[in-house]
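> I'll drop the sequence and a predicted model, then ask my questions.
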Amino acid sequence: MYCTVLKNAKNLTLLSSLAFTVFSAVGVLAEVCIVRGGSDPRAGIAGWDQAPPQTSVSADVQVKTLLDKMTAAGMAQPANLKEARAAYSHFYPTLSGAPENVFRMEDRHVPSRGGIIPIRIYAPSAEASLPIVVFFHGGGFVAGDLKTDDAPLRSVANRCACIVVSVAYRLAPEHKYPAAPDDAYDATKWVAEHAGELGADPNRIAVAGEGAGGNLAAGVTLRARERGGPHLIFQVLIYPTLDAYTTRPGWFADLPVVSRESANKVLAAYLPTVSDLRDPWVSPISANSLTALPAALIITDIDDGMRDQGEQYANRLRQDGVQVKVSQYPTMIHGFFMMAGHLDGAKKCIDETASALSGAFTIATQTAPLTAN
């Protein structure tokens, strides 16, 4: 039975027949009924209803060749949960190129309100009081693990001369919202509280993530502001998922990797049966205020339904007095951060991420208090 519950649905006729189905972990089709509370939260965001300019991926020979390879492997647009998890755990890591050596890599487990969270720590040297980045992988909240971004995170650690902590948060549909954002915040808080033990500087902590992980990184900054910590100095959001509504015009384009249909499927797997998409930990772009958040680098790519929401989030950050840079990668595709073995644009993205973090950490060093709190 298809089910849609709408409140104050004026001007939301596009949603009137919305119904989501998704494969569960055991292959059973499930249905989700989403409660839309109040008016559309994007109404006050200039340009939300404008479709982003589209380019053809064929404009980049490397991207076209890679898409052909992904299509031949059946991984261009995973059709179900099993395929998505195979893509993020086994296929995409093969596209990252040869992993760099780091001084130390360590797998650990840290406590959270939901149990134990696996983390992976990358240290570029034995130097003490290094800055630290807490990173959240992509995968639509249903896929991904510590293997997903192993190679690019090694590169970031080496180029930035910072410790990187990768977090394997709980996945849906086994663990629905708010399991993932709870784990993201709890892991970040643990890192801050144990920074000295990790060889890190508690005054220089940043968060970063790609795709769904960008959503979690943004959500962590909101929670940290509301709860008085931990103190975060920077955020890197790589083609982030910041708006759970998929009625934006950009989603109706012919997208090469993440389609509107697949976005709806993972949303249905991630959210409980009745959810409010205006919840800022579901849709950070719906937060009433973005003041006092850490400075940001937001990376987007044109052939991506998430491109316009990332750029609009940047506009909101600016309006609320937060320093932000948007870096758009023409002709790149969603997920390209993981694909440095095949795409020059991915190598540039890794370098830009490391450079932005280095700059933020340098500024934090210059303005840090004489004694740690």
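Okay, I see it.
> poorly predicted segments of the stretch 251-373 of the chain, please.
368-373 (pLDDT under 70).
> as a check, name the ranges of all helices in it.
Using DSSP state H, counting those that start in this stretch, the helices found in the stretch 251-373 of the chain span residues 260-270, 307-319, 344-367.
> now the residue lying closest to Phe252 once chain neighbours are set aside: how far from Tyr329?
Using Cβ to Cβ, 6 or more residues apart in numbering and skipping the chain neighbours, the partner closest in space to Phe252 is Arg260 (6.5 Å). No exception for glycine: its C-beta is placed from N, CA and C like everyone else's. Arg260 is 21 Å from Tyr329, where distance means Cβ to Cβ, to the nearest Å.
> could you do Val207 as well?
According to Cβ to Cβ, Val207 stands 21 Å off from Tyr329.
> the more surrounded of the two?
In this view Val207 and Tyr329 are compared by other Cβ atoms under 10 Å, and Val207 has more residues nearby, 34 against 24.
> list the neighbouring strands of the one helix or strand that one maps to plus their orientation.
Using DSSP states H and E, Val207 sits within strand 200-210. As defined by DSSP bridges, the strand partners of strand 200-210 come to strand 130-136 (parallel), strand 234-238 (parallel).
> buried ones in it, by neighbour count?
Across strand 200-210, burial judged by 16 or more other Cβ atoms under 10 Å covers 200-210.
> over to stretch 360-370?
By neighbour count on 16+ other Cβ under 10 Å, the buried set for stretch 360-370 is 360-361, 364.
> adding distance to Phe337, write those out as CSV.
CSV is the format used below for those (distance: Cβ to Cβ, whole Å):
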residue, distance to Phe337
Ala360, 18
Phe361, 20
Ala364, 24
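> for His175, which non-adjacent residue is spatially closest?
Gly114 (7.1 Å).
> and Asp301, by the same measure?
Met332 (3.8 Å).
> then Val257?
Excluding the flanking residues, the one nearest Val257 by Cβ to Cβ, 6+ apart is His334, at 4.3 Å.
> how deep is that neighbour tucked in, by neighbour count?
For His334, the neighbour count with other Cβ under 10 Å is 22.
> likewise Ile233?
Under the neighbour criterion other Cβ under 10 Å, Ile233 is assigned a count of 19.
> ok, now which ones touch it?
203-206, 294-295, 360-361, 363-364 (Cβ atoms under 8 Å, 6 or more residues apart in numbering).
> now for the nearest residue to it once chain neighbours are set aside: which residues touch it?
Distances taken as Cβ to Cβ, 6+ apart place Ala364 nearest to Ile233, at 4.8 Å, with adjacent residues excluded. By Cβ under 8 Å, 6+ apart, the residues touching Ala364 are 131, 203-204, 233-234.
> any idea how many residues pack against the closest residue to Asp60 other than its chain neighbours?
Take Asp60 and drop its neighbours on the chain: the residue closest to it by Cβ to Cβ, 6+ apart is Thr331, 3.9 Å away. For Thr331, the count of nearby residues is 20 (other Cβ under 10 Å).
> distance check, Thr331 against Ala73.
21 Å.
> next: Gln235.
Using Cβ to Cβ, Gln235 is found at 33 Å from Ala73.
> Gly228 now?
47 Å.
> have a look at these two and say which one is more surrounded.
Shown here are Gly228 and Ala73; by other Cβ under 10 Å, Ala73 has more neighbours (12 against 7).
> quick check: the more buried one touching Thr94?
No - checked against Cβ atoms under 8 Å, the pair Ala73 and Thr94 is beyond contact range at 9.4 Å.
> got a markdown table for the helices of the stretch 251-373 of the chain, with distance to Leu153 too?
A markdown table is the format used below for the helices of the stretch 251-373 of the chain (distance: least, Cβ to Cβ, whole Å):
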| stretch | distance to Leu153 |
| --- | --- |
| helix 260-270 | 23 |
| helix 307-319 | 21 |
| helix 344-367 | 9 |
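> what's around Glu106, how many residues?
Counted with other Cβ under 10 Å, residues neighbouring Glu106 total 11.
> how about the secondary structure of it?
Here Glu106 is recorded as strand under DSSP: H, G, I helix; E, B strand; the rest coil.
> residue contacts, the closest residue to it other than its chain neighbours?
Nearest residue to Glu106, sequence neighbours excluded (Cβ to Cβ, 6+ apart): Ile121, at 4.6 Å. Each residue near Ile121 by Cβ under 8 Å, 6+ apart is listed here: 104-108, 163-166, 198.
> checking my notes, Ile121 in a strand, right?
Yes - the assignment for Ile121 is a strand, going by three-state DSSP.
> and the gap between it and Ser166?
If you go by Cβ to Cβ, the gap between Ile121 and Ser166 works out to 8 Å.
> name the nearest residue to Ala360, ignoring sequence neighbours.
Nearest residue to Ala360, sequence neighbours excluded (Cβ to Cβ, 6+ apart): Phe234, at 3.7 Å.
> please apply the same query to Asp304.
His334 (4.6 Å).
> in this structure that neighbour contacts Val258, no?
Yes - judged on Cβ under 8 Å, His334 makes contact with Val258 at a distance of 4.9 Å.
> if we can go back for a sec, the residue nearest to His175: neighbour count?
Neighbours of Gly114 (other Cβ under 10 Å): 15.
> what's it sitting at in phi/psi?
With angles defined as degrees, to the nearest 10, Gly114 sits at phi -100, psi 10.
> what about the strands in the stretch 51-200 of the chain?
Counting by DSSP state E, counting those that start in this stretch, the stretch 51-200 of the chain has strands at residues 104-112, 115-123, 130-136, 163-167, 200-210.
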